[in-house]
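Engineer: Okay, here's the prediction I keep looking at, along with the sequence it came from:
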Amino acid sequence: RRLAPLAGLPANQREKLEETLLAWLRHWGQRAPIADELGIHAQTVGYRVLQLRELFGEDLRDPKARFELEIALRSDRKVPA
């Protein structure tokens with residue numbers, strides 16, 4: 001339910017935004033650490049975060065919603081064998 005705003009996106013775009021959102025949550029929105037973790041330019045992080053803000057709106061400001069998003073993203077990840 002929490003990740004529903006991503007459901008209508010093409011798989012490739014959804015995966016990029018999911019990994020960006022998880023990194024954004026982990027690094028409290030700091031672009032440089034997110035860019036380092038994902039191996040992308042800080043401007044690319046900014047562009048993706050703008051997309052996430054358009055999709056999730058005020059939920060990104062709500063601590064409870066952010067917690068639920070992180071749990072949903074982590075539970076959706078494949079765990080290496």
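Structural biologist: Happy to help now that I have it.
Engineer: Please count neighbours and contacts with C-alpha atoms only from this point.
Structural biologist: Fine.
Engineer: ok, the residue most central in space within the chain - contacts?
Structural biologist: In the chain, the centroid-proximal residue (Cα atoms, centre = their mean) is L21; its distance is 1.0 Å. With contact set as Cα atoms under 8 Å, 6 or more residues apart in numbering, L21 has these partners: 49, 52.
Engineer: average pLDDT across the helix or strand containing it?
Structural biologist: Element membership for L21 (DSSP states H and E) is helix 11-26. Averaged across helix 11-26, the pLDDT comes to 97.
Engineer: Then stretch 44-58?
Structural biologist: For stretch 44-58, the mean per-residue pLDDT is 98.
Engineer: Determine how far it lies from the middle of the whole chain.
Structural biologist: Taking Cα atoms, centre = their mean, to the nearest Å, the mean C-alpha location of stretch 44-58 is offset from the chain mean by 8 Å.
Engineer: in it, what's buried?
Structural biologist: 45-46, 48-49, 52, 56 (16 or more other Cα atoms under 10 Å).
Engineer: Pull the most distant pair out of those.
Structural biologist: Farthest pair in the buried residues of stretch 44-58 (Cα to Cα) is V45 and F56. Separation: 15.9 Å.
Engineer: Mind jotting down where the helices sit in this protein?
Structural biologist: Secondary structure of the chain by DSSP state H: the helices cover 11-26, 31-38, 42-56, 63-76.
Engineer: which secondary structure elements does the second one contact?
Structural biologist: When contacts are defined as 3 or more Cα pairs under 8 Å, 6 or more residues apart in numbering; DSSP states H and E, helix 31-38 sits against helix 11-26, helix 42-56.
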